[in-house]
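Chemist: Just a sequence and a predicted model for now, questions to come.
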Amino acid sequence: MDQLPSLITIRRDLHRIPELGFQEFKTQEYLLNYLSSLPSERLEIKTWKTGIFVKVKGIDPLKTIAYRADMDGLPIVEETDYSFQSEHTDRMHACGHDFHMTIALGIITYFVQNQVRDDLLFIFQPAEEGPGGAEPMLQSEVMKEWKPDLITALHIAPEYPVGTIATRPGLLFANTSELFIDLKGKGGHAAYPHTTQDMIVAAASLVTQLQSVVARNVDPLDSAVITFGKITGGTVQNIIAENARLEGTIRTLSVESMEKVKERIEALVHGLEIGYACKAVIDYGSMYHQVYNHHELTEEFMDFTKGNTDTEVVLCREAMTGEDFGYMLDEIPGFMFWLGVESPYGLHHSKLQPKEEAIETAVQLMCKYFLYKAN
Ligand SMILES: CC(=O)N[C@@H](CCC[C@H](N)C(=O)O)C(=O)O
């Protein structure tokens, strides 16, 4: 085996080339290139769109144990002071997927040199931030053929120190649905509002009205979030806007609340159409299944980590983040956990700077755990 790049070098290389969902061409090429430098006799590699399946063959396999890493970046202009900043304009690995992929390569590298009884499967999955790669990947022929018996994934957590992991049996991440609302009215001169239907005013009103859905239609002991991350509309400062578009996301802890929230959004949007004499179109974009950790496997993993590593284990609360890994957990027993990376700036922030020492923590932990489960 030739001299391999260090995991820190790999993470920095990946950090430089963030790509959006299903456009992870350079990322895929980089990963395939690295994998081709490993001894090939124990590896079987198959690509799926911009994703990759990597099987590390066991000696006498009774089962398959999997680790999933997501691959895509976000449409963010990076503002870190890294020397290895994103080389792609308006793109950034601001959700740690560069870490998740590096950790996968670290684990693979260990197991190509230290064979275990069972097969190990590594899934490099595109488009976690949207429109969702997990569900179609799960339906793929490769996944049907190589279907794992146990599946794991981690996500970096800026709020925890390095050397800590956090998880919980049962519900970990929320149900999600994207939310796009297009409004169309009648534009006109800024000085003649009475001759128009102003979609800037309608959009502003709708944003405020929709917050009442969370406050007044969802059981306070359940939880929901409606966030709009982007509003566009109009053309110039002295023309009343004919169009406006709201782009957001809905998060709920229960499936019932998701249905209720959508029902209420639809009612209020219909009311807006009447009140503002406009047309509105709602599009829910992509939806993600909640992340629900297998009870016994999660408890076993937490106990194993406490008993066999120096890693601190925290029993955390559920989070309103979404993850299409939820689809995989719906079909395959397993769990997801948070990996402490300690950054003053959080996920989806242009200054997110996770501590790289956490990569080694995760690789060591997962290698120990797979050695325990796959022998
Ligand atoms: C871990 C994480 O941050 N995941 C994303 C998933 C986004 C799904 C979809 N695009 C949506 O916004 O609903 C998150 O924002 O939680």
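Modeler: In hand now; what should we look at? Nothing here was measured: the structure is a model prediction, and the numbers come from that model.

Chemist: what helix or strand does the residue in the stretch 201-350 of the chain positioned nearest to the ligand sit in?
Modeler: Closest contact between the stretch 201-350 of the chain and the ligand, by CB to the nearest ligand atom, is at Thr249 (3.5 Å). (C-beta placed from N, C-alpha, C; glycine too.) Using DSSP states H and E, Thr249 falls within strand 243-252.

Chemist: before we move on, what about Thr47?
Modeler: Taking DSSP H and E as the criterion, Thr47 maps to strand 43-48.

Chemist: May I have the phi/psi pair for the residue lying closest to Met336 once chain neighbours are set aside?
Modeler: Nearest residue to Met336 in three dimensions, chain neighbours excluded: Ala153, at 4.7 Å (CB to CB, 6 or more residues apart in numbering). Dihedral angles of Ala153 (phi, psi; degrees, to the nearest 10) stand at phi -160, psi 160.

Chemist: Check which element follows the strand holding Thr47 along the chain.
Modeler: Read in the C-terminal direction, the helix or strand following strand 43-48 is strand 51-56, with elements assigned using DSSP H and E.

Chemist: Could you write out the alpha-carbon coordinates of that following strand in PDB?
Modeler: The C-alpha atoms that make up strand 51-56 are tabulated as PDB, following Å, rounded to 0.1, in the frame of the first residue of the first chain:
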ATOM      1  CA  GLY A  51     -23.000   8.000  -4.300                       C
ATOM      2  CA  ILE A  52     -20.800   5.000  -3.600                       C
ATOM      3  CA  PHE A  53     -21.300   1.600  -1.900                       C
ATOM      4  CA  VAL A  54     -18.200   0.000  -0.500                       C
ATOM      5  CA  LYS A  55     -18.200  -3.500   0.800                       C
ATOM      6  CA  VAL A  56     -15.300  -4.700   2.900                       C
END
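
Chemist: Point out the other helices and strands that it packs with.
Modeler: Taking 3 or more CB pairs under 8 Å, 6 or more residues apart in numbering; DSSP states H and E as contact, the helices and strands that strand 51-56 lies on are helix 25-36, strand 43-48, helix 97-113, strand 119-125.

Chemist: deepest of those, which one?
Modeler: Mean neighbours per residue, mean count of other CB atoms under 10 Å, is largest over these for strand 119-125, with a mean of 26.

Chemist: Can you spell out which helices and strands pack onto that one?
Modeler: For strand 119-125, the packing partners by 3+ CB pairs under 8 Å, 6+ apart come out as strand 51-56, strand 64-70, helix 97-113, helix 134-139.

Chemist: Mind putting these into a markdown table with distance to Ile240 and mean pLDDT?
Modeler: Rendered in a markdown table, the data for these read as follows (distance: least, CB to CB, whole Å; pLDDT from 0 to 100):
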| stretch | distance to Ile240 | mean pLDDT |
| --- | --- | --- |
| strand 51-56 | 46 | 98 |
| strand 64-70 | 42 | 98 |
| helix 97-113 | 42 | 97 |
| helix 134-139 | 42 | 98 |
